[in-house]
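[1] I'd like to go over a predicted model; first the sequence, then the structure.
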Amino acid sequence: MSERSVNFALFVFVIQRVTGALLALLLLIHLITIMYAVQGEISVSEIIGRVRGNIAWIIFYGVFIVTVVVHATIGLRNILTEMTSLNRRLIDLTVTLYAAFTLVLGAEAIKAIW
């Protein structure tokens, strides 16, 4: 393995661990918010009404989406690399398309509540 590929592998390893830790915190906040809404018997339309236009929630969910996509894309790349005999370029193309598609879906979801 070249020094460049070792550095890239270390970088990807660290990024996945950082996004995993961030996801734990973001998911906890998300779940607490959901439990609060359910216990308060808040309807979906009331939730959307509270979130709509609130820049803090838009940023929160934007960060959440990007973190999920980065973490999942790295995981998918690792799985495809380890479990298939696909060419590395095909794997990279596949995970790049996956990331782009899921980011677009996430952006559309955020746009819907903006």
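    Sure, I can see it. Residues are numbered from 1 along each chain as shown.

[2] gap between the two ends of stretch 33-46?
    In stretch 33-46, first residue to last residue: 13 Å (C-alpha to C-alpha, to the nearest Å).

[3] the worst-scoring helix or strand of the chain on mean pLDDT - contacts with which helices or strands?
    Sorted by mean pLDDT, DSSP states H and E, the helices and strands of the chain end with helix 44-51, the least confident at a mean of 84. Here helix 44-51 touches no other helix or strand, going by 3 or more C-beta pairs under 8 Å, 6 or more residues apart in numbering; DSSP states H and E. In this view, the C-beta of every residue, glycine as well, is placed from N, C-alpha and C.

[4] buried stuff in that helix?
    Ile47, Val51 (16 or more other C-beta atoms under 10 Å).

[5] mind checking what helix or strand follows that helix in sequence?
    helix 55-83 (DSSP states H and E).

[6] what comes up buried for that next one?
    So helix 55-83, judged by 16+ other C-beta under 10 Å, has buried residues 57-58, 60-61, 64-74, 77, 80.

[7] could you give me the average pLDDT of it?
    For helix 55-83, the mean pLDDT works out to 96.
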